[in-house]
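Novice: Sharing a model prediction with you, sequence too.
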Amino acid sequence: MNVRCNYCRQSFNLSRDYLVDALAKSGEKKQKYHTVECINCRKMIKVPMAQMKRYAPQPSSEEGDKDTAN
């Protein structure tokens with residue numbers, strides 16, 4: 001997922017593993033935003049959870065079919 005800093009306009013990527021971890025942590029607290037530190041200016045950026053959910057990998061239906069087949 002590509003994120004752009006609101007202050008210095010530096011663009012950087014968030015990995016899929018990071019998104020999964022952030023969604024798990026914020027899901028427990030029922031947060032609407034996750035804060036990410038800019039790699040250039042070190043200011044905190046609010047990233048909406050709804051946007052992170054769109055880019056996070058979804059579990060495939062094949063994995064669920066394998067578990068029920070056994």
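Specialist: That came through, no problem.
Novice: Tally up the residues packed near S15, please.
Specialist: By the criterion of other Cβ atoms under 10 Å, S15 has 9 neighbours. To be clear about C-beta, it is placed using only N, CA and C from the backbone, and glycine gets the same treatment.
Novice: ugh, typo on my part, it should be F12
Specialist: 14.
Novice: Nearest residue to it in space, ignoring adjacent ones along the chain?
Specialist: Sequence neighbours aside, I39 is the residue nearest to F12 in space, at 5.1 Å (criterion: Cβ to Cβ, 6 or more residues apart in numbering).
Novice: and D21, helix, strand or coil?
Specialist: helix (DSSP: H, G, I helix; E, B strand; the rest coil).
Novice: What score does the most centrally placed residue in the chain have for pLDDT?
Specialist: The centre of the chain sits closest to L19, judged by Cα atoms, centre = their mean, with a distance of 2.8 Å. Predicted confidence (pLDDT) for L19: 91.
Novice: Same question for H34.
Specialist: 90.
Novice: Distance check, it against A50.
Specialist: From H34 across to A50, the span is 11 Å (Cβ to Cβ, to the nearest Å).
Novice: Show the contacting residues for the residue nearest to C41 when sequence neighbours are not counted.
Specialist: Nearest residue to C41, sequence neighbours excluded (Cβ to Cβ, 6+ apart): C8, at 4.3 Å. By Cβ atoms under 8 Å, 6 or more residues apart in numbering, C8 lies in contact with 38, 40-41, 43.
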